[in-house]
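Novice: here is a sequence together with a model predicted from it:
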Amino acid sequence: MDHKGSYADVYNAWKADPEAFWMTAAQDIHWYKAPSKALFDENAPIYEWFSDGLTNTCYNAVDRHIENGRGTQTAVIYDSPVTGTKRAISYNELRNRVAGLAGALRAKGVEKGDRVIIYMPMVPEALEAMLACARLGAVHSVVFGGFAASELAVRIDDAKPKAIIAASCGIEPNRVVHYKPLLDSAIAQATHKPDFTVIFQRDQEVAHLSEGRDFDWHGFQYGTDPADCVPVEGNHPAYILYTSGTTGAPKGVIRHTGGQLVALEWTMTNIYNIAPGDVFWAASDVGWVVGHSYICYGPLIHGNTTVVFEGKPVGTPDAGTFWRVVEEHNVKVLFTAPTALRAIKREDPKGLLVKDYDLSGLQALFLAGERADPDTIEWAQKLLNKPVIDHWWQTETGWGIAANPLGIEALPVKIGSPSVAMPGYDIHILDEAGHEVPAGELGAIAIKLPLPPGTFPNLWNAEDRFKNSYLNQFPGFYETGDAGIKDTDGYLYIMARTDDVINVAGHRLSTGAMEEVLASHPDVAECAVIGVADALKGQMPLGLLCLNAGVDRPHDSIVREVVADVRAKIGPVAAFKLACVIQRLPKTRSGKILRATMVKIADGTEFKMPATIDDPDVLTEIKTALQEIGYAK
């Protein structure tokens, strides 16, 4: 859907008649049966979109392009510097591969509504597994490859999958991550057991398969018929994606089929300004929401070529690898996290490697996943001489809440701001009582209900938790959990999380979950985890440990043990490496730990002595302990 006119015209058209706006957008999607209306609000505050339409995600992402004569176009480019592999897959080949896998899953009993967990690295087969589920109307839940077995077990028990599709291993620049033992351990720990698993054996490691339960990806497909697309209702769940909960238990964000199709198609034209046939590269992972929306679904629904990159911004082989991929595959739009740019900048501060590549085809660089610091944006702007667009969204929303909509109108960039609200999002900045604060004042960022199509309608089997986590604080609004300000031009600035989820290299991680691990160590009496500023990753977790009385072991061995525990129970994604032993934690009189104050001490920023502090002397002790490990300068 091409919107003519300015951003203000388009936003106001949505506001004046949301129903007409989204019904028009829905015309860009193939429906077996068109929806009778856009919004279904009978169960408010649980809202649904296009519920009575019939459609299929895989048909929209693959088959319809073939029927429109584009079957020979490349759908997926696989570029894997860690394995030295490159390959292009056409839409024709993608359909055949996906239909074959879907047929084999169906032959083993996977039907519409069944859940399938996908535990894979950045290989095209991960997208094929997602699309095969979508083809059948099965609900996939992708778990980041290499996630710790205990975390995977929790997700198995929550989603209760009929099948799990995994790879034998993942490849890091300097090591092989053995997925199969992690998977076996997770299934052993989980109460729910899948009927079967499918293992994609990689050349770098062939895993042992258990008789009866495990099937080889290729052998499993022999002798089965390919599957056609199964029409599903607009409100049929497309997937479950688990996000960190502040209480440690992950929250299963669900995405409905119709709303996701309409919203993602709309964004490809209007936010990213990309045409069907162009190459779109989101340098993320299928385990995260960006991988769902903008590696797999968005680009394919829009008829783009999507890049599946298995590597790192640095070290595979150097800080020029992103620019090589852009030149080699003629990438029009690159979408990555600020942390990737910071890594490149640290290795190549003058940007000398950029000069080795022709980036003339690149139209824009989009950033999301964490706050884009002005330094990094200015560096990229100067280096690339292209629009560098920060935009803000969440796992829960699935697409941009605030952005600079290049496909409608390139608005002036204000560095430090992800720009303005997108159609569908009515953003308010509220005080604790739920009243709007004046422009320029900090408050809780809340979005007036209903949220637009493509956002989460609920949590998987946890409606009460959905309401408690997101809706009850400000009735009539979705509470984003972020704090920020809006200026007089309507530009948004995201300042901080309002809870204790920290952002490590674009990955939201719960400090509460890490604290649970630290507290389980036999020598630890109590503890706190805070996020400290880190030039590369944005934030890094730092553990503060108070030991049990009478523990006289060396502190450094206890620190080593808790670091290993977090790595084992939460996974390397937590990047948990820093911990120190302290005498006591600073608390309020009511016993709340003053985490925000400790963050300020660690980061060396000014802070006011909290009025409710029990013993101000504790802060001096904390400062000394943090200085010993290189913080609180």
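Specialist: Structure received. Numbers count the residues shown, from 1 in each chain.

Novice: may I have the helix or strand containing Ile530 as CSV, with CA atoms only?
Specialist: In this structure, Ile530 sits in strand 524-534 according to DSSP states H and E. Taking Å, rounded to 0.1, in the frame of the first residue of the first chain, the C-alpha atoms of strand 524-534 are listed here in CSV:
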residue,chain,number,x,y,z
VAL,A,524,26.1,-16.5,48.9
ALA,A,525,23.7,-15.1,51.5
GLU,A,526,22.2,-12.4,49.3
CYS,A,527,23.0,-10.6,46.1
ALA,A,528,22.0,-8.1,43.5
VAL,A,529,22.6,-7.8,39.7
ILE,A,530,22.8,-4.4,38.1
GLY,A,531,23.4,-3.3,34.6
VAL,A,532,26.6,-1.2,34.3
ALA,A,533,27.4,0.9,31.2
ASP,A,534,29.6,-0.8,28.7
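
Novice: buried residues in that strand?
Specialist: 524, 526-532, 534 (16 or more other Cβ atoms under 10 Å). (Each C-beta comes from the backbone N, C-alpha and C, glycine too.)

Novice: with stretch 380-396 instead?
Specialist: Within stretch 380-396, the residues that count as buried by 16+ other Cβ under 10 Å are 380, 383-384, 386-396.

Novice: tell me which of the residues you listed fall in strands.
Specialist: Among the buried residues of stretch 380-396, DSSP state E puts 388-390 in strands.

Novice: check contacts around the residue nearest to Gln473 when sequence neighbours are not counted.
Specialist: With sequence-adjacent residues excluded and distances taken as Cβ to Cβ, 6 or more residues apart in numbering, Gln473 is closest to Glu479, at 4.6 Å. Glu479 sits next to 444, 446, 469-471, 473 when contact means Cβ atoms under 8 Å, 6 or more residues apart in numbering.

Novice: list phi and psi for Tyr425.
Specialist: phi -110, psi 120 (degrees, to the nearest 10).

Novice: give me every residue that touches it.
Specialist: Applying Cβ under 8 Å, 6+ apart to Tyr425 gives the contacts 401-402, 447, 451-452.

Novice: so Glu436 bridges to which residues?
Specialist: Leu430 (DSSP bridges).

Novice: count the residues that sit near it.
Specialist: Neighbours of Glu436 under the rule other Cβ atoms under 10 Å: 13.

Novice: for it, give me its contacts.
Specialist: Contacts for Glu436 (Cβ under 8 Å, 6+ apart) come out as 428-430.

Novice: so can I have TSV of those residues showing neighbour count?
Specialist: Listed next are these as TSV, based on neighbours: other Cβ atoms under 10 Å:
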residue	neighbour count
His428	19
Ile429	22
Leu430	18
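
Novice: check Gly248 and give its pLDDT.
Specialist: pLDDT for Gly248: 57.

Novice: again with the one 4 residues further on
Specialist: Each residue has a pLDDT score; the one for Gly252 is 96.

Novice: skipping adjacent residues, who's closest to it in space?
Specialist: In space, Gly252 is closest to Trp460, 3.2 Å off (Cβ to Cβ, 6+ apart).

Novice: what's the burial count for that neighbour?
Specialist: Trp460 has 24 nearby residues by other Cβ under 10 Å.

Novice: sorry, back to before: farthest pair in the buried residues of stretch 380-396?
Specialist: Leu383 and Glu396 (32.8 Å; Cβ to Cβ).

Novice: so the residue lying closest to Leu359 once chain neighbours are set aside, which of the three states?
Specialist: Spatial nearest neighbour of Leu359, chain neighbours left out: Val326 (5.6 Å); criterion: Cβ to Cβ, 6+ apart. Val326 carries the three-state label helix when classified by DSSP: H, G, I helix; E, B strand; the rest coil.

Novice: would you agree Val326 is in contact with Ala364?
Specialist: No. In this structure, Val326 is not within contact of Ala364 by Cβ atoms under 8 Å, at 11.5 Å.

Novice: neighbour-wise, which of these two wins?
Specialist: Neighbours per residue, other Cβ under 10 Å: of Val326 and Ala364, the larger number sits with Val326, 26 against 19.

Novice: just list the residues touching that one, thanks.
Specialist: 281, 334, 357, 359, 361-362 are the contacts of Val326 under Cβ under 8 Å, 6+ apart.

Novice: now these: which count as buried?
Specialist: 281, 334, 357, 359, 362.

Novice: look up how far Ile66 lies from Pro412.
Specialist: 41 Å (Cβ to Cβ, to the nearest Å).

Novice: quick one: the helices in the stretch 451-600 of the chain?
Specialist: Shown for the stretch 451-600 of the chain, the helices assigned by DSSP state H, counting those that start in this stretch span residues 463-466, 511-519, 555-569, 595-603.

Novice: ditto for the stretch 151-300 of the chain
Specialist: Under DSSP H, counting those that start in this stretch, the stretch 151-300 of the chain gives helices at 179-189, 257-270, 289-291, 298-301.

Novice: circling back: want to throw the helices of the stretch 451-600 of the chain into a markdown table with mean neighbour count?
Specialist: Formatted as a markdown table, those follow (neighbours: other Cβ under 10 Å):
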| stretch | mean neighbour count |
| --- | --- |
| helix 463-466 | 15 |
| helix 511-519 | 21 |
| helix 555-569 | 16 |
| helix 595-603 | 20 |
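
Novice: and the helix or strand hosting Ala8, what other elements does it pack with?
Specialist: For Ala8, the host element (DSSP H and E) is helix 7-16. Packing contacts for helix 7-16, counted by 3 or more Cβ pairs under 8 Å, 6 or more residues apart in numbering; DSSP states H and E, involve strand 420-421.

Novice: let me see the mean pLDDT of the strand it packs on.
Specialist: When pLDDT is averaged over strand 420-421, the result is 98.

Novice: quick one: strands adjacent to that strand?
Specialist: strand 402-403 (antiparallel).

Novice: one step back: I'd like the distance between the residue nearest to Leu359 and Val354.
Specialist: Applying Cβ to Cβ to Val326 and Val354 gives a distance of 10 Å.

Novice: for the stretch 301-450 of the chain, which segments count as strands?
Specialist: Secondary structure of the stretch 301-450 of the chain by DSSP state E, counting those that start in this stretch: the strands cover 305-309, 331-336, 364-367, 388-390, 402-403, 420-421, 427-430, 443-448.

Novice: could you work out the most separated pair of the buried ones among the contacts of Val326?
Specialist: Trp281 and Tyr357 (13.9 Å).

Novice: quick check: longest helix of this protein.
Specialist: Secondary structure of the chain per DSSP state H: the longest helix is helix 91-107.

Novice: mind giving me the packing neighbours of that helix?
Specialist: Applying 3+ Cβ pairs under 8 Å, 6+ apart, one finds that helix 91-107 contacts strand 74-80, helix 124-136.

Novice: could you redo the last one with a cut-off of 6 Å?
Specialist: helix 124-136 (3 or more Cβ pairs under 6 Å, 6 or more residues apart in numbering; DSSP states H and E).

Novice: so where's the stretch 1-150 of the chain uncertain?
Specialist: Within the stretch 1-150 of the chain, the stretches with pLDDT under 70 are 1-4.

Novice: what about Glu432, neighbour count?
Specialist: Neighbours around Glu432, by other Cβ under 10 Å: 9.
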